[in-house]
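J.: Next input, structure requested:
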Amino acid sequence: MTEHRPLVVLYNAECPICRAEIDHYAAYAAPRDLPLRFDPISDADLAAWNLTAEEAARRLHVQCPDGRILSGMPAFRALWAAMPRYRTLARITGLPVLRPITGWVYNRVLAPALYRAHRRRQARAARSLS
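T.: Numbers count the residues shown, from 1 in each chain. All right, here's what the predicted structure looks like:
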């Protein structure tokens, strides 16, 4: 029998929005026994991903079963494609006319906004410790 490697999702569990979204996907995937694994960046070997903590926190990353590492919208599309309920979303956002638009929105608007909020949370936490 062939061993199937899961799609591994690397995400920022310190980001409440990111964590809520990934928790939703994990709750969907678990009862369906989908080949997905969700690893928070705080627990991951980032060197194996060839990422710094800063790079890992800036966007979603996945490692495909074939070993490829994707980030940003390609990572979301790979994740969505692995879940029957979200496959249509993966296909739509991957259409040639929409792919550059969804990539631009994620890279220029959504990911930077979430990362800035993450940095503000870190700064507040550091101030509260001093």
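
J.: which residues of this structure fall in helices?
T.: Remark: helices assigned in the chain by DSSP state H are 16-29, 46-49, 53-58, 73-81, 87-93, 99-105, 111-129.

J.: so what does the worst-scoring helix or strand of the chain on mean pLDDT touch, helix or strand wise?
T.: Sorting the helices and strands of the chain by mean pLDDT, DSSP states H and E puts helix 111-129 at the bottom, at a mean of 92. Judged by 3 or more Cβ pairs under 8 Å, 6 or more residues apart in numbering; DSSP states H and E, helix 111-129 is in contact with helix 16-29, helix 53-58. Backbone N, C-alpha and C define where each C-beta goes, glycine included.

J.: one step back: and the helices of the chain as CSV, adding distance to residue 38 and mean neighbour count?
T.: As requested, those are exported to CSV (distance: least, Cβ to Cβ, whole Å; neighbours: other Cβ atoms under 10 Å):
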stretch, distance to residue 38, mean neighbour count
helix 16-29, 5, 15
helix 46-49, 14, 13
helix 53-58, 14, 16
helix 73-81, 9, 21
helix 87-93, 17, 14
helix 99-105, 22, 14
helix 111-129, 17, 12
